[in-house]
Structures are given as structure tokens and as C-alpha cells.
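Trainee: Curious how this folds, go ahead:
(2 chains)
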Amino acid sequence: MHAVEVESVTKTFGPVVAVDDLSLIVPAGSIYGFIGPNGSGKTTTIRMLLHIIEADRGAIRVFGEALHSACTDRIGYVPEERGLYRKMKVREVLEYFGGLKRGGSLRKEVDAWLARLDLADWADKKVETLSKGMSQKVQFIAAVVARPPLLVLDEPFSGLDPVNADVLREAILELRAEGTTILFSTHDMSVAERMCDTILMIFRGKKVLDGTLEAIQNRYGTDTVRVRTEGGTAALDGLRGVDRVTDFGQVQELRLDGTRDAQDLVGEILSRTRVASFEVMRPTLRDIFLRIAGPEAQESTHA
Amino acid sequence: MRKVLKVARREYVATVRTTGFIVGLILAPVLMSGGLIVMALFRDRTDPRDRHVAVVDRSGLVTAALVRAAAERNARDTVAGPGRPRQAAYLIEVVRPNDRDPSQQRLLLSDRVRAKELHAFVEVGPHALHPRRDTTERHLAYYSQNAALDETRGWIAGQVNAALRRQRLVEAGLDTTAVPDLFYNLEGAPLGLLSRDPATGRITDAVESNEKAAVFAPMAIMLLMFMMLMWGAMPQLNATMQEKSQRIAEVVLGSVRPFEFMAGKLLGGVAIAMTASAVYVGVGLYSLTVLGLSGLMPLSVVAWFFVYMLLAVAMYGALFAAVGAACNDPVEAQSIAFVAMLPMIIPTFLLLPVVTQPNGAFATGMSLVPLWTPMLMLMRQATPGGVPVWQPWVALVGVVATTLLFIWAGGRVFRVAILMQGTPPKLQNLVRWAIRG
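Mentor: Below you'll find the model as predicted:
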């Protein structure tokens, strides 16, 4: 059984088509990356999935059931912008949000999660006293404490320091190991590359990519070369057979147009400058996205 | 329903735990009952200090009568008796009129009042005996620091008029001693209606009332209703706006439907108002009983208060929650709060006409407007005469229908607006969201 099935869903807000005939399938027990630039329709899709807003057309099924309000009890949700009652104590706010999903006492689960994410000492402190990173972890606990089989995370790592990001990543991977399906929305494609089993890319409300990372990359072959040279970008100007040069500061990525061999190319670069490293690689998700969406999308992927 | 109760419980606990609620809950009854006790203790107390009043009699007709009347009054009223406290003595100082410079004389007397040598001074005009011959002239003037509210002014005017009437009768050749009761005033005693006790069949006497008692119950009950709306309904505006702007609503709506969310908030508001009003009504009734004034607040009115209060908090709460959901930040909420509160404030301006003529067409009509029924009908019911039996029931149907309409429309606005960012809370937007959903 699939965790989520979205079938030809469309949602418009006045003249704006936020989601356009979108279909996707999230396999149960997987980490599913839902990627795309800001304003591409990710949050609207998530809100429809959570039954917060209704789709104009199409169907959504959660664990095989047509979407209805009770389905949301099986979905934990961490929104992009954190929403916690600032005047409530941490334990109270967690019991409240968890209690909205599931009846009965959640005290044990709350305390266990607080200990697991190193927040036990803050259980009786007010939310307003927490740092941003702590608030994010509390928001995460609020979504998982009722043990929902599907977890929707909207930009879960944004603003987290590396230590807290690692803690959260480990928790997500543990949940997946325990059988929880993770739907993971982000505009940071490198995070999606590292964590997701399956990736769906959305741009301007339309699906532009769908599949495993390997399948997606295989589709585009090994047409990317990453180099580090003394001469930098200036030494790479006017190289024959290079479609595009992307400068990352310390390294540059060259996309080949298919008319030239990478081994031949390295010889020409060596004739111009000293080369510190040279790597033939598959294109990144970001690069693939830019090829699909065109130059107009470049700006939004930098967000 | 579990989720509605969960939201309601959070709303309730979040409010009743605040210092403001606890302090208000304790302070308000203390001040209220304290005020009643102080009023009861001081209701018969008057300022017993002597009042020196200078009289400039340009008619030459009233001074002697005024001095005599003051002496009689002082002999009678300045000695305390059982249940009768000592009254201030009126000491009349006769001042010869200065006809050459009357303004200068008035100024000197004014300075003496300012220096506390005098309480007031009185000027009787030269043509006071026949004032109708020149209506432009001021025939009797009373000067003091607070002349309009000075009770001595009424006594002086009464004595001056009595003296002048006697003079007019003498002029007309009538012997006033032949009609000793000529100037005896009768006051209409304010009495309620008689009724027959259904148990004993005996006729019960009418109860005498006074202005303060007649106004107390309607004012108190309206004030209490207003307070409950301020506690139970009004906070919905800011709370909802905060839940929206701090993105809490999105998290909650991931678990509950918008209507359940709003219903929970309204239920929490009703519970808050019920808690506060139970304390206030309890303490208020106890205080009245202790003071022997329990008749001031009929219990049937108290029962109606709870019915109306429950509906009013839900009705206005739905309105405020919908408006709060449409606001994007505190500035918008602040600017729209007064407009949203207007329907709640208007009845407070109608206190006087409703209390003085509770069964007039104006008061009856206004109290049947569902938005105002909870305050105005209740005020009318609390007046000594009460209202026809059918009116509260008809009004109740209107309030129930309006409450349901407000919850329905408010729920639709809430659902659309709570996640919408950047759209200002304009009236046309609210109406469009309510109609289209």
C-alpha cells in the first residue's frame, strides 16, 4: 500500500494556478523528497494533503483511504514557519499538539522525545525562552509524539546549526527505520540528494521530475566536470564543447554539450593553467532542475 | 468533539491562569461589594459643617423670612436623632446691597467664598416680586464653587419663593393665615404595584423604591454583561490574529478542521465568561443579601443573564474570531478592534432612555435587535416594572438565530482568512468570504 497517492490534483487561487494537474505516489516507509524553488506549489500541495485546503480537482488518498478529516490524525506535520504557543510550557504545548492527533495521556512519549532531543531540562520552561534551534526541535516533537505513520516535514533543517541538524537528521532516519513514511519538502536540493529515496521536483505547480535520485541522474548521464584550478573562471573561458560554466568560488562546474570527451577537455585546461582537481560526475539535482526549468529558475534556486 | 474540547480546554486554561484574570476575578468583586458596603454605610451621611450663606436682598422682601426659616431649620435638623444624622446648619449673613457698584460687591463676596469664609452668596433682584414684568433680569442668583450640584441652592430657592408668594397674596388682599396649608408640598411616593399572594390569598403591600434602587439593577446587570463580553468574546480577536501571524493556526489546522478550531475557541470563551460571571453573580448576590438589599436583583433576571451571556459570548466571539482571522498583524487588529466592538458599545449609550422608559417603543424596539438583546432586554427586565412575558422569549429566538448565523458565517470567514497572508481585513472581503466561503 502507498502512503500517499495524489492523482491529477489542481488548485487555483483566483487567477493563479498554484498546483497544476499534479500526480505523485509516496511509497510507504520511504523518505520522499518534494523539492522545488520557493513559490512552486510545495506548501499548497502539503496543505491539500493535510486537508487544510481543498483541491479544486483530482483525488488524494492517504494509506489507501480517500482523504477526509480523520486522515490528518495519521499525519504529523512540521510547517516551514514554526508555530508554537509562546506562553505555554514546552511539555504542555507538546501534550496539546499531540493530543489533537491522539486521545489519552502522552506524558511518557513527550518526556522520551524531550530526552532524545536533549530538551529534558526545558520541559517546564515557556516556549518563548527557547532558542530558534530548540523551538524547531520542539516543533518536530509536536509532529511525531503521537506516532503518526506519515510525517510531513516542510524545510525541517532551515536555520538549524550543524549539531542540531545532525540530531534531527538522525531522528528522521530512526523514524524511517521504524516504518514511518517521511514526506520531505525542501528547496535545498543538496539535502534532498543526501536523504531521499525518491524525489519529486515541482516548478510553477507542475511536476518536472519524479523518481529515485539514481534514475534521475542516469537519465542525464555523466556530462558534468568539476575542476579546481589556479586560474579560476578566467582560465575556463571559451572552452570548446562546454555548454555552461558555473562558478562556486573554489571550484567550477562545467557542463559538456556532448560533442567533446572529458579526457580531451582536461588536456586543454592543463595547457591554460595548473589543475588542482578534476572530477567527471553526474549532474546535481540543482543542475538538472536548471536544465528543465530554464535560466528563469536560476534565481529562485539560490533562495 | 474530542478535538473541540481539547482546543476549548487550552483556551480556558491559557486565560484563567493569567495574572490579569486572577487579579480581575478577585479585585472586581472586592471593589464591587466594597463599593456597595461603602454606599450603604455612607448613604445617610451628610457633611455636617456649618454653611455660611450671604444674602444680598435688593427687593428688601425676603431677608427676614430667610433668616427665620434658617433658624427654624437649624433648631430642628442640626440635632441628631434616632436614624437621623446631624444636618449642616445654614447661617444667613445679611449683606446690604451696594447699588452703585454691584459687580464689585459680587467680586468681594466671591473672594470670601474662595477664602472659605462663606459657603455661597445669594442675590435677590429688585423686581423679584413680579418677575414676569422683566424676564431678561436674573431675579434670584446663587453663587458658589459648585452651584449646579449644591443642595443648599434648592433650600434657599424654596424659602425665597415661599416668602415672595406670601407677599403676593398680601398684595392681593388675602390672609395667608386663613389657609395654613397653602404652601404645604406633597411629594408623590414612588411605589410598586400591589399583588395577591397566591399561597395565602392576601394582598401584599406595594414596595417603596427610590431612584438609585431603580437604576442599580439595570446598570449592574448591563455592566456585568459588558464585562463578560470583554473577557469571553473580545480576546478572540487578538488571540486569533496571533495564532495566524505566529503560524500556530497552520499547525493546529493540520489536526483539526477550521470550524472545530473556531468552535473550540468559542467554547473556551464561554467557559471563561461562565467562570467569571459565576463568581461575580455569587459574590454580588451574597453582598446584597448581607446588606438586606436582595430585592434589588430579581433571581429571574439572573437566570436570563446566564442564558443571554452564553449566547452573546458565542455570537460576538464568532464575530471577533472571524475579524481576527482576517488580520495579519497587531496594527491591523488594533485599528479594526473599535469598529468590531461598536455593536457591543452602542447599548451602553442607551442606558438612560431604556431605564427611564423601559417599555417605550424605542427601548422595546432596540432590545429586540438580536445584537443588543443580551444587554438591553436584560436591562429592561431588571427595571422595577419588568417587561411583558413574551418579549424575552421572542428576543431569545432572535438571539439564537443570530448566534447560529454568526457562527456559520464566522466559521466560513475563519476558514478562508486564517491561512491567507497579506490581504487586509476590509469589510467587502469579510462579506465575500462569508458568502462564498
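Trainee: Quick one: neighbours of the residue nearest to B:Arg166 when sequence neighbours are not counted, just the number.
Mentor: Among residues not flanking B:Arg166 along the chain, B:Thr176 sits closest, at 5.4 Å (C-beta to C-beta, 6 or more residues apart in numbering or on different chains). In this view, the C-beta of every residue, glycine as well, is placed from N, C-alpha and C. For B:Thr176, the neighbour count with other C-beta atoms under 10 Å in any protein chain shown is 14.
Trainee: Please apply the same query to B:Val113.
Mentor: Quick note: B:Val113 (other C-beta under 10 Å) scores 18 neighbours.
Trainee: Please, which helix or strand holds it?
Mentor: According to DSSP states H and E, B:Val113 maps onto helix B:102-114.
Trainee: Which positions within that helix qualify as buried?
Mentor: For helix B:102-114, the neighbour count (16 or more other C-beta atoms under 10 Å in any protein chain shown) marks B:Gln105, B:Arg106, B:Leu109, B:Arg112, B:Val113 as buried.
Trainee: the strands in the stretch 51-200 of chain A, which residues?
Mentor: Using DSSP state E, counting those that start in this stretch, the strands of the stretch 51-200 of chain A run over residues A:57-62, A:65-66, A:75-78, A:150-154, A:181-186, A:198-203.
Trainee: By mean pLDDT, show me the worst of those strands.
Mentor: Of all these, the minimum mean pLDDT falls on strand A:65-66 (a mean of 82).
Trainee: Parallel or antiparallel, list what pairs with that strand.
Mentor: strand A:57-62 (antiparallel) (DSSP bridges).
Trainee: Give me the buried positions along the strand it pairs with.
Mentor: Across strand A:57-62, burial judged by 16+ other C-beta under 10 Å covers A:Gly58, A:Ile60, A:Arg61, A:Val62.
Trainee: Put the alpha carbons of that strand into CSV.
Mentor: C-alpha atoms of strand A:57-62 as CSV (Å, rounded to 0.1, in the frame of the first residue of the first chain):
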residue,chain,number,x,y,z
ARG,A,57,-9.9,18.9,-9.0
GLY,A,58,-8.3,15.5,-8.5
ALA,A,59,-8.1,12.9,-5.8
ILE,A,60,-5.8,12.3,-2.8
ARG,A,61,-5.6,9.1,-0.9
VAL,A,62,-3.7,8.5,2.4
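Trainee: Report the angle between it and strand A:150-154.
Mentor: 120 degrees (axes from the mean of the first three to the mean of the last three C-alpha atoms, to 10 degrees).
Trainee: now the angle between strand A:181-186 and strand A:57-62, please.
Mentor: 130 degrees.
Trainee: Check which helix or strand A:Val4 maps to.
Mentor: Using DSSP H and E, A:Val4 falls in strand A:2-13.
Trainee: how distant is that strand from the center of its chain?
Mentor: 18 Å (C-alpha atoms, centre = their mean, to the nearest Å).
Trainee: what residues does the next helix or strand after it touch?
Mentor: Beyond strand A:2-13 in the direction of the C-terminus, DSSP H and E gives the next helix or strand as strand A:16-27. Strand A:16-27 has contacts (C-beta atoms under 8 Å, 6 or more residues apart in numbering or on different chains) with A:2-12, A:32, A:34, A:41, A:44-45, A:48, A:55, A:58, A:150, A:181, A:183, A:197-198, A:200, A:202, A:204-207, A:210.
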